[in-house]
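Trainee: Output the structure for:
(2 chains)
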There are 2 protein chains.
Amino acid sequence: MDNAVGTNEKVGFNSWCPLLIFDSMQKLKELAQKIRKIGKDDPRRVLHSLKVGLALTLVSIFYYVNPLFHGLGTSTMWAVFTVVVVMEYTVGGTLSKGLNRAFATLLAGALGLGAHHLAALAGDKGEPILLGMFVFMLGKAAAMATFSRFMPEIKARYDYGVTIFILTFSLVAVSSYRVEELIKLAYQRLSTVAIGVTTCLCTSMFVFPIWAGEDLHMLVAANLDKLACFLEEGMGVEYFGEKMESGSLEGKSFLQSYKTVLNSKATEDSLANFARWEPGHGRFGFRHPWNQYLKIGAITRHCACSIDALNAYISTLQQSHKSSQTTTDLEFKQKVQVACANMSKETGKALAELASSIREMKWSSIAGKHLAIATETACRVKALVPAENSTLLEVLISATTVSLLTEVVRCTNPVIAAVEELSRLAEFKRPEHGRKAGTVKPIADIESLPHAVIVIEK
Amino acid sequence: MDNAVGTNEKVGFNSWCPLLIFDSMQKLKELAQKIRKIGKDDPRRVLHSLKVGLALTLVSIFYYVNPLFHGLGTSTMWAVFTVVVVMEYTVGGTLSKGLNRAFATLLAGALGLGAHHLAALAGDKGEPILLGMFVFMLGKAAAMATFSRFMPEIKARYDYGVTIFILTFSLVAVSSYRVEELIKLAYQRLSTVAIGVTTCLCTSMFVFPIWAGEDLHMLVAANLDKLACFLEEGMGVEYFGEKMESGSLEGKSFLQSYKTVLNSKATEDSLANFARWEPGHGRFGFRHPWNQYLKIGAITRHCACSIDALNAYISTLQQSHKSSQTTTDLEFKQKVQVACANMSKETGKALAELASSIREMKWSSIAGKHLAIATETACRVKALVPAENSTLLEVLISATTVSLLTEVVRCTNPVIAAVEELSRLAEFKRPEHGRKAGTVKPIADIESLPHAVIVIEK
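Mentor: Next up is the predicted model:
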């Protein structure tokens, strides 16, 4: 019996075990692929990871071989600590954190020492009273320093320094060491922090440096390229080109990459902030106009917004075209189509030219020429419209405004649907007459309006 | 003579000194006003600053009065350290950092201790060799941990934990203490970190708590309100209302506040990330659907993009209207105007209704009804257009597409200007035939096209 049960169990285990192994193998495989993808997308990430390892190993080796280091006692860990905390992906990030850390430690240490010196001067009776006062002052100082972080200028550049300042000042002010001990401690702390910061800076600046400034430079150019790609390939070739209406633009992921431009502000801001800390490197001088990149970025996002409105409009148009074909005046349609293709292509070329002009740091007037052609074409389209009377012009203006407004109305629909979903998920209160009244119903009538179709997104 | 010189100097000083005092008084005044504004904009910032001070004071008082604390020796500073580093503006932020810190310290400490135990087992000869190996393994471990931060899921939720893990593991692995000493150290470190984290959590959760979840809830509703305000007040009342064309919308700052919605993604993401760490509070359960807020946010931004396109179009229109008035068919124009005003107002009301529905956590079907009216109006506008033949319909569609495309062309112009400015500031290379060829020239022709005016922004 026992044997039989054992066999059964073994059989059960055998049929279950390969599945488990297979499952975990599968998961490991997926993880490996994910890791490889991250490394492949930007090989500098692997380099950065190795650099952090290198910096830590260097500091640790220092610790084992350097007699100076042994003299610093348990403060050594501050060197390791500094490396772990200060080492950032870009040179600018490391510089910003390292310098913030070094100066904040210096300043807070000096202030803390001064406070202790004052307490010592007060004599044996005054000292505990003064120290007690310090603890309360400490709270106030920390509160003030914390408040200063809400100022945008301080937040952007000195946030880390303020943290370290509060930290060091608290440590020194609270400690019950005597002044002579404190001075020794301060000397040790400063030397170890200096060693840590120096190791970090050397590793990050001299071993395959990753410059925030260069990243910003490339990002701004890449964003312009994404817009250019949508206008040239997507609009110029796919939509207005010969293959017009053959397929939807929605499905083509390379055409939709312009949408990432809309959310690029945070990345650009942080890169520009780090870039300001960097010394001159390669093609970039010390006082390189990083702010101008932010300006270009903001205008590029505005452009991306316009392109998004256009994309939303034509994809609505495509969907309504499927149901009702209204091709009566083929010649007129073709003329407009050619003009639109021309406008898209030339604007795309202008943007691509600007991107390459930034990338190669070489100004060329070709972009202006491309845009001039696009502008001219826009003017010529006007002549195509059979404008017998000025009423038609009026109609044209109204048509655009109404279309845009209809687009706004259209994109409010999914907002209602999303809030409705939230109200279900988060169990909002509902009016007495039940749920049915609240659901969004698609309105059929509007389908007949070619330039204003309300589509409820699933 | 001496006296005279002295008087002269005194006069010089007197006339220069008040200026200096006045100047610094002025600057102090400005700073004070700035600080007051920051505090007034969100009084919780002042509260947060006071709370950080309170937490630090609490930990310091512990240090002075608690005999347990004295037993922990110099490790005490880790409690202060933890408070300074872990205390965040929102409860979710503090929880996320505190738990990350606590668990990372525990895990890395245990691993480090294990490594040391292994080294001790190897005996006197093997120990230095093993410790040497650790230093190199440490580098690799740190590199791997650093690399893991590039995975978005880890970056969002466990970034701080990974830092603390590298840190603690490095400290334990590198230290030359014996195992018994290390165990004592680990116990001290863990207790002090626990005291620090507990102080932070109590202060942040029980003294005027600031919940990230509630902030996200309110932010999403406020963003919807900003769009509603632009549509209702700006478009419905100011632009399409009775005062039409009386003034530009550009100057009214409260109408332009919808533009901040376009850049709200980073804030929403970080709030949602913190909100997931928070326990149930007030109206929000533990598993509140925070992801749904991100979805609503994304759709709201899409809506804001549409509104931005509309705003850009009508402000272009307003500028061109100043030069050429084309009011021939007043009746038609007024009908369209009334319809547009209706569409704007109803859409705005729908959005405002959704915002208040979120704010009060109470679903109402009124938003859907408002939008249905707007959609119906959009359908009715079609009937207004004198569509004798289907060619006109064709013209209408083309008109919108051309207008939108012209808008894209228009907003590419400032990009060229900005890149040109960069090329001057950063001293890009220029082609041989000089700078003149590269400047952007405004094209006069296009002015005559009422719905497509190229304006070079200054």
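
Trainee: Which is the succeeding secondary structure element to the worst-scoring helix or strand of chain A on mean pLDDT?
Mentor: Every helix and strand of chain A was ranked by mean pLDDT, DSSP states H and E. The lowest is helix A:67-71, at a mean of 52. Per DSSP states H and E, helix A:67-71 leads on to helix A:77-86 as the next helix or strand towards the C-terminus.

Trainee: anything in that following helix near chain B?
Mentor: Yes: applying CB under 8 Å from any CB of the partner chain, one finds helix A:77-86 touching chain B at A:Met77, A:Val80, A:Phe81, A:Val84, A:Val85. (C-beta placed from N, C-alpha, C; glycine too.)

Trainee: starting at the chain centroid, how far to that helix?
Mentor: Relative to the chain's own centre, helix A:77-86 is displaced by 27 Å; criterion: CA atoms, centre = their mean, to the nearest Å.

Trainee: what is the rounded mean pLDDT of the next helix or strand after that helix?
Mentor: With elements assigned by DSSP H and E, the helix or strand that comes after helix A:77-86 is helix A:91-121. Averaging pLDDT along helix A:91-121 gives 85.

Trainee: What of stretch A:41-57?
Mentor: pLDDT averaged over stretch A:41-57 gives 84.

Trainee: Closest to the centroid, which residue in chain A?
Mentor: Taking CA atoms, centre = their mean as the criterion, A:Thr267 is the residue nearest the geometric centre of chain A, at 3.5 Å.

Trainee: any idea how far the spatially closest residue to that residue that is not a sequence neighbour is from chain B?
Mentor: Ranked by CB to CB, 6 or more residues apart in numbering or on different chains and with sequence neighbours excluded, the top spatial neighbour of A:Thr267 is A:Leu219, at 6.8 Å. Counting by CB to the nearest CB, to the nearest Å, the separation of A:Leu219 from chain B is 14 Å.

Trainee: which SS state does the residue nearest to the centre of chain A fall under?
Mentor: Counting by DSSP: H, G, I helix; E, B strand; the rest coil, the backbone at A:Thr267 sits in helix.

Trainee: That one against A:Met218, yeah?
Mentor: No: between A:Thr267 and A:Met218 there is no contact under CB atoms under 8 Å: 11.7 Å.

Trainee: dump the residue contacts of the residue nearest to A:Val419 when sequence neighbours are not counted.
Mentor: Nearest non-adjacent residue to A:Val419, counting by CB to CB, 6+ apart: B:Leu354, 4.8 Å away. By CB atoms under 8 Å, 6 or more residues apart in numbering or on different chains, the contact list for B:Leu354 reads A:Val415, A:Ile416, A:Val419, B:Leu224, B:Ala367.

Trainee: Equivalent analysis for A:Ser423, please.
Mentor: A:Arg430, A:Gly438, B:Ser357, B:Met361, B:Trp363.

Trainee: Let's see that with 7 Å instead.
Mentor: B:Trp363 (CB atoms under 7 Å, 6 or more residues apart in numbering or on different chains).

Trainee: Could you report the pLDDT at A:Met218?
Mentor: On pLDDT, A:Met218 comes in at 93.

Trainee: Could you do A:Leu294 as well?
Mentor: Note for A:Leu294: predicted pLDDT of 91.

Trainee: does the closest residue to it other than its chain neighbours sit in a helix or strand, and which one?
Mentor: Sequence neighbours aside, A:Ala272 is the residue nearest to A:Leu294 in space, at 5.4 Å (criterion: CB to CB, 6+ apart). Following DSSP H and E, one finds A:Ala272 within helix A:265-275.

Trainee: again, but for A:Val52
Mentor: Per DSSP H and E: A:Val52 is located in helix A:44-65.

Trainee: In this structure A:Phe150 contacts B:Arg45, no?
Mentor: Yes: contact criterion CB atoms under 7 Å: A:Phe150 and B:Arg45 qualify, at 5.0 Å.

Trainee: intersection of neighbour lists for those two?
Mentor: By CB under 7 Å, 6+ apart, the residues touching both A:Phe150 and B:Arg45 are B:Ile38.

Trainee: is chain B contacted by stretch A:148-165?
Mentor: Yes: judged by CB under 7 Å from any CB of the partner chain, stretch A:148-165 comes into contact with chain B at A:Phe150, A:Met151, A:Thr163.

Trainee: what's near enough to touch the last one?
Mentor: I take that to be A:Thr163. B:Val84, B:Val85.

Trainee: where's it relative to B:Val86, distance?
Mentor: Per CB to CB, to the nearest Å, A:Thr163 is found 11 Å from B:Val86.

Trainee: again with A:Asn342
Mentor: Plainly put, A:Asn342 is 59 Å away from B:Val86 if you go by CB to CB.

Trainee: Compare these two and say which is more crowded by neighbours.
Mentor: Legend: neighbour count by other CB atoms under 10 Å in any protein chain shown for A:Asn342 and B:Val86, higher for B:Val86 (26 against 19).

Trainee: residues touching the more buried one, list them.
Mentor: By CB under 7 Å, 6+ apart, the neighbours of B:Val86 are B:Thr94, B:Lys97, B:Gly98, B:Arg101, B:Gly196, B:Val197, B:Cys200.

Trainee: Please see if stretch A:361-375 touches chain B.
Mentor: Yes: applying CB under 7 Å from any CB, one finds stretch A:361-375 touching chain B at A:Met361, A:Lys362, A:Trp363, A:Ser364, A:Ser365, A:Ala367, A:Gly368, A:Leu371, A:Ala372, A:Ala374, A:Thr375.
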